[in-house]
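**Student:** Quick one, structure for this:
(one chain, ligands or ions: 1)
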Amino acid sequence: MSGRGAERVLQVLVLNGPNLGQLERRPADIYGQESWSEILERLQAEARALGARLTVHQSDSEAELIRLLHEGEGRFDALIINPGGLSHTSVALRDAIEIFARPTIEVHLSNVGAREPFRHPAITGSAAQGVISGLGGQGYRLALLALTRLVGEEGR
Ligand code: DQA
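**Tutor:** You can find the predicted model right below:
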């Protein structure tokens, strides 16, 4: 956290993985009608209301996401991550979340448990405190709310 007392600002890293930069071109019946810029606008408003500052990146590269987590260690209070398809395959990204070692919520726009079996393995999610799946863009805002509570509880 930066600042003191009532001015404390929660520093949150927000990472989106492969293909999430192409949301407008993906099936709206699965991923919802909201564009990423609409989701982000509402997330930023929620962050202001909760006293959080967001640092947001999207990358299609597993190595880049791992690098951002390594470099972010010690600079952030919490992590929101939607690893896209890497959620179901990447032990390396899972281990980088573990190294990051801050409260983490994994978000999926779609309900991955209700989709194809190849989306059921929750490899990266196993390193998170919780996973929010199937609530569309609202999942990011709920993740932020949960993280303010989780980080707040650490101080007690
Ligand atoms: C996703 C679900 C993944 O299975 C998929 O590969 C994605 C998006 C989601 O937000 O619902 O790219 O993470």
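
**Student:** neighbouring contacts of the longest helix anywhere in the chain?
**Tutor:** Looking across the chain with DSSP state H, the single longest helix is helix 138-154. By CB atoms under 8 Å, 6 or more residues apart in numbering, the surrounding residues in contact with helix 138-154 are 1, 10, 12, 14, 39, 42-43, 46-47, 50-52, 77-78, 80, 82, 103, 105, 107-109, 129-130, 132-133, 135. Any C-beta I mention is one placed from the backbone N, CA and C, and that applies to glycine too.

**Student:** now do 7 Å
**Tutor:** The contact list for helix 138-154, computed with CB atoms under 7 Å, 6 or more residues apart in numbering, reads 10, 12, 39, 42-43, 46-47, 50, 52, 77-78, 80, 103, 105, 107-109, 129-130, 132, 135.

**Student:** and the ligand, which of these contact it?
**Tutor:** Within the set of the contacts of helix 138-154, contact with the ligand (CB under 6 Å from any ligand atom) is found for 108-109.

**Student:** Can you show me the strands along this structure?
**Tutor:** 10-16, 52-58, 78-82, 104-108, 130-133 (DSSP state E).

**Student:** neighbouring strands for the second one, and are they parallel or not?
**Tutor:** Its sheet considered, strand 52-58 pairs with strand 10-16 (parallel) by DSSP bridges.
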